[in-house]
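Asks: test case, fold it:
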Amino acid sequence: MTIKFDQKNYLKILAHVICLMFFFYKPAFAQTQSNLQDVQQIVAIVNDEVISLFDLKQRALMLIATSGQRQVTPEQQRFIQSQAMDALIDDKLKIQEASEYNATAGQGELDQAFNNYARQLNLDPDELEKQLNETGIEKQTLITQIAASMAWSGVVQGLLQPLVNVTDDEVQNLIDKMERDKGKLQYKISEIFILVTDNARRAETLETAKLISDQLNQDVSFEAVARQFSQSSTAAVGGDLGWVMTDELPAELKEAILNMEIGQVSEPIETEDGIYIVKLNDTSRILELNKNDIAVNLRFIFFDQNEDNSQTLEELNNQFYSSLSQTDTCERYEEKAAEFGASDYGDVGSIKLGAVPRQLHEEMLSMEIGAGTKLFEDDGGYRSLILCAKEIPEVTLPDFETVLENLTQTRLQLVARRHLRDLRRDAIIDYR
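Replies: Just a heads-up that it's a prediction; the model follows:
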């Protein structure tokens, strides 16, 4: 049997991660040149395929870089090396499984994927390679990671997806359930899942999860960490689970979600299969308008806070808000910015209300088109957002095909996770 993989689903997986890596990270213990001893030293053998010390160091550097950490403690370094080893073993197993079904990408396809990543970063491939090297990471390390992702996509879409069966009755039952559940709360959740393949190592895995949770509570990007550390198929989309009801979650996750606030990251949550860290992104009610989905077209006026402008926020609002709240502000914002002595102004464009600072939501929902918000603190100064248009979406039941696809993908994620766990269980892994 021959399995085809969908390369385009992976063209954006690492672009955001690499951006973070270049911005935050200068290696604390990276070597610009690997030595021959690292390449020759074997740290593990996975079904007769070797993982070298060089491979381990390179993956550890990728994990450190994409976690956003500037300083790495010895404890964190040990944890990262453990995660790097697990990731390398999984990559070996994914590529080995794909090889059984002729689903691995050729070198030309991998080079093209690397070039696509570079273009997404507004770099040419040579510039991307140079920046990787400056962090101590070789181009081939990234290409190997891409190869494993593409290989696993081939296995999941070609081998496992045909095993997932969703009946018409199941789809219709879910649509009927959504109608019955209209008005009930649903939750937008992101996840990081760490698989426990050996219960003897459960305590060690839990400690790993605690370290990840600690980093996430220090404003490290959840999406970037999920892409690198999570062993769920949602890792490819930064851990995004989408909208779920609590009865669709394991009992352990349900209890945690019900006690979380929007934006909060959970402590590690143990389940039979592994350990979760979840983030609550938003809540809404089924088949009712979620205000975060309202589209708003905005412009802005901005005042620097510096020695030349020592006025307080209250003083500025007393001076300007009566003019900003007038309904001609959108048309005259350039004129008003000049009149007020604003340091900057411009067009934000159309965005969802959910992307606007939460403290402005109620004000923006109640204000008239053409008016501006009160000034608020932002980026070392004071900003007003001007509402030029507002579009409220119609709330309708999802169609049959959308529900079918969502059910299929949810089930497929579970099957893929179990298949990888089985591959690990059956593999011959020799640690050196």
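Asks: contacting residues around Q326?
Replies: Neighbour list for Q326: 370-371 [criterion: C-beta atoms under 8 Å, 6 or more residues apart in numbering]. Glycine gets a C-beta too; all of them are placed from N, C-alpha and C.
Asks: and it, what element?
Replies: Assigning secondary structure by DSSP states H and E places Q326 outside every helix and strand.
Asks: for it, grab phi and psi.
Replies: Listed backbone geometry of Q326 is phi -70, psi 150, with angles given as degrees, to the nearest 10.
Asks: tell me the pLDDT of it.
Replies: With respect to pLDDT, Q326 has a value of 92.
Asks: separation between it and A295?
Replies: Between Q326 and A295 the computed distance is 23 Å (C-beta to C-beta, to the nearest Å).
Asks: same deal with D328?
Replies: If you measure D328 against A295 using C-beta to C-beta, the figure is 22 Å.
Asks: same check on L387?
Replies: As defined by C-beta to C-beta, L387 lies at a distance of 11 Å from A295.
Asks: more neighbours: which of the two?
Replies: Counted by other C-beta atoms under 10 Å, L387 and A295 do not tie: L387 has more neighbours, with 23 against 13.
Asks: confirm that the more buried one sits in a strand.
Replies: Yes: secondary structure of L387 (DSSP: H, G, I helix; E, B strand; the rest coil): part of a strand.
Asks: which residues of this structure fall in strands?
Replies: Listed in chain order, the strands of the chain (DSSP state E) span residues 42-46, 49-52, 185-195, 240-244, 269-270, 274-285, 295-304, 344-352, 376-378, 381-391, 429-431.
Asks: from the contact counts, what lies against the longest one?
Replies: So that's strand 274-285. Applying 3 or more C-beta pairs under 8 Å, 6 or more residues apart in numbering; DSSP states H and E, we find strand 274-285 packed against strand 185-195, helix 202-216, helix 251-258, strand 269-270.
Asks: which one of those lies nearest to M364?
Replies: Comparing the helices and strands packed on strand 274-285 against M364 with C-beta to C-beta, the closest turns out to be strand 185-195 (20.3 Å).
Asks: break this protein into its domains for me.
Replies: According to automatic domain parsing, the chain is divided into the following domains: 7-163, 179-288+397-429, 291-391.
Asks: could you list the low-confidence segments of the protein?
Replies: 1-36, 66-73, 75-76, 121, 306-311 (pLDDT under 70).
Asks: do that again at 50, thanks
Replies: Per-residue confidence for the chain (pLDDT under 50) gives these ranges: 1-34.
Asks: give the residue farthest from the middle of it.
Replies: Among the residues of the chain, the one whose C-alpha is farthest from the average of all C-alpha positions is E339, by C-alpha atoms, centre = their mean at 42.3 Å.
Asks: against R332, how distant is it?
Replies: Distance from E339 to R332, by C-beta to C-beta: 9 Å.
Asks: ok, now L407?
Replies: Distance of L407 to R332, computed by C-beta to C-beta: 51 Å.
Asks: also I392?
Replies: From I392 across to R332, the span is 26 Å (C-beta to C-beta).
Asks: ok, K374 next?
Replies: From K374 across to R332, the span is 18 Å (C-beta to C-beta).
Asks: contacts only, for the closest residue to A87 other than its chain neighbours.
Replies: If you skip the residues right next to it in sequence, A87 has R59 as its closest partner in space, 5.9 Å away by C-beta to C-beta, 6 or more residues apart in numbering. Contacts of R59 were listed using C-beta under 8 Å, 6+ apart, and they are 84, 87-88, 141, 145.
Asks: out of the residues you listed, which comes closest to F229?
Replies: Minimum separation from F229 among the contacts of R59 (C-beta to C-beta) is found for A87, which lies at 8.1 Å.
Asks: quick one: contacts for the closest one?
Replies: Counted by C-beta under 8 Å, 6+ apart, A87 has contacts 59, 63, 228.
Asks: what does L249 give?
Replies: Taking C-beta under 8 Å, 6+ apart as the definition, contacts of L249 comprise I257.
Asks: now it: phi and psi?
Replies: Its backbone dihedrals place L249 at phi -110, psi 160, with angles given as degrees, to the nearest 10.
Asks: try T396
Replies: Geometry field for T396 lists phi and psi as phi -130, psi 160, criterion degrees, to the nearest 10.
Asks: so how far is I369 from the closest residue to L298 other than its chain neighbours?
Replies: In space, not counting the residues next to it along the chain, L298 is nearest to V348; the distance is 3.9 Å by C-beta to C-beta, 6+ apart. When C-beta to C-beta is the yardstick, V348 and I369 sit 15 Å from each other.
Asks: if we can go back for a sec, of K374 and R332, who's got more company?
Replies: Regarding K374 and R332, a neighbour count based on other C-beta under 10 Å identifies K374 as having more, with 18 against 14.
Asks: now do the contacts for that one.
Replies: Contact analysis of K374 by C-beta under 8 Å, 6+ apart lists 317, 321, 324, 363, 384.
Asks: between those residues, identify the one with the most neighbours.
Replies: If you rank these by neighbour count (other C-beta under 10 Å), S384 sits at the top with 30 neighbours.
Asks: residues near the closest residue to that one other than its chain neighbours, how many?
Replies: What sits nearest to S384 in space, not counting adjacent residues and going by C-beta to C-beta, 6+ apart, is G372, at 4.4 Å. Using other C-beta under 10 Å, G372 is surrounded by 28 other residues.
Asks: cool, M367 as well?
Replies: Burial of M367 is recorded as 19 neighbouring residues (other C-beta under 10 Å).
Asks: same deal with R227?
Replies: Applying other C-beta under 10 Å, we find 23 residues neighbouring R227.
Asks: you'd agree it is up against A236?
Replies: Yes: with contacts defined as C-beta atoms under 8 Å, R227 counts as touching A236 at a distance of 7.3 Å.
Asks: how close does D181 get to A148?
Replies: In this structure, D181 and A148 are separated by 39 Å, where distance is defined by C-beta to C-beta.
Asks: please identify which of the two sits among more neighbours.
Replies: Set D181 next to A148 and count neighbours by other C-beta under 10 Å: A148 wins out with 20 against 15.
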